[in-house]
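S.K.: Okay, here's the prediction I keep looking at, along with the sequence it came from:
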Amino acid sequence: MRRRPVILFRMNFDQVAYYICMVLAFIPAIVLHEVSHGFAAYKLGDPTAKNAGRLTVNPLAHVDPFGTVILPLVLMIAGGPVFGYAKPVPYNPVYFKDKRKGDLIVGLAGPAANLVMALLGSAVSWICYPMAASGISSDFFAYFYLLFLPYFTLINLYLMFFNLLPIPPLDGSSIWAFILPEKYLPHYYRVQQYAMPALLVLLFIVPYFTPVDPIAAYMNFFAGNLANLIFPYAIS
């Protein structure tokens, strides 16, 4: 009769550990993504992010009330994976010698940071693999190896591939400004104002009213397959 409370406590503790691992993976993924944007701009001669105090890994400097707090909490309560975003780092392309090249570098710096973190998570998992293969005797190591590292790798890959979508205001849209001929740029910038509603339709309306979820299919295919490729065991 005394075993039931112990089992319930164990289940609750596992759930708490799951959310702790998600938060600990989520925060550096979004913070370093934004810091990388600002650092790239700074190296190209733009002091905007530095003057705004955004070249810091302090999460409080990057908190967006909805994207960093409310949205992840709602997803936690709903029982889904933690996802969100940080406050975008400001930059001013007038400081760049080549505005189009500078925009591209700054835009791709965030996804590049996520790729580096995903590879780091994968590398640590391979280093720990011999220990895990010989038997996991520690709860801490089990949570770290079987929960934190896979989620840390996955969330960084999801953030990378999501932000690489060439839809404003996502980072991948900087590719269009780089490859389009100069004469078409004014038309492109005018179209940008309609891109955010189109992105929201793809994210929420299309999956709700149809059985098709193109964004999820895209991210699951690329992020999921890449995660399984670089990890010592299947994680998605």
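M.R.: Cool, the structure landed.
S.K.: Geometric centre of the protein: which residue is closest?
M.R.: The residue lying closest to the centre of the chain (Cα atoms, centre = their mean) is residue 159, at 2.8 Å.
S.K.: secondary structure element for that residue?
M.R.: Secondary structure assignment for residue 159, by DSSP states H and E: helix 149-163.
S.K.: Please compute how far that helix lies from its chain's middle.
M.R.: Put simply, helix 149-163 sits 5 Å off its chain's centre (Cα atoms, centre = their mean, to the nearest Å).
S.K.: longest helix in the chain, by residue count?
M.R.: Secondary structure of the chain per DSSP state H: the longest helix is helix 3-43.
S.K.: Quick one: mean pLDDT over the helix or strand following that helix.
M.R.: Downstream of helix 3-43, the first helix or strand assigned by DSSP H and E is helix 48-51. Across helix 48-51, pLDDT averages out at 95.
S.K.: Could you identify the helix or strand that succeeds the lowest-mean-pLDDT helix or strand in the chain?
M.R.: Using mean pLDDT, DSSP states H and E, the weakest-scoring helix or strand in the chain turns out to be helix 71-78, at a mean of 71. For helix 71-78, the following helix or strand on the C-terminal side (DSSP H and E) is helix 99-133.
S.K.: ok, then the element right after that next one?
M.R.: helix 139-143.
S.K.: hmm, back to that, confidence score at the residue nearest to the centre of the chain?
M.R.: Looking at residue 159, its pLDDT reads 91.
S.K.: you'd agree it is up against residue 113?
M.R.: No - look at residue 159 against residue 113 with Cβ atoms under 8 Å: they stay out of range, at 9.2 Å. Quick note: C-beta positions are derived from backbone N, CA and C, even for glycine.
S.K.: what packs against the longest helix of the chain?
M.R.: With contacts taken as 3 or more Cβ pairs under 8 Å, 6 or more residues apart in numbering; DSSP states H and E, helix 3-43 sits against helix 48-51, helix 71-78, helix 99-133, helix 149-163.
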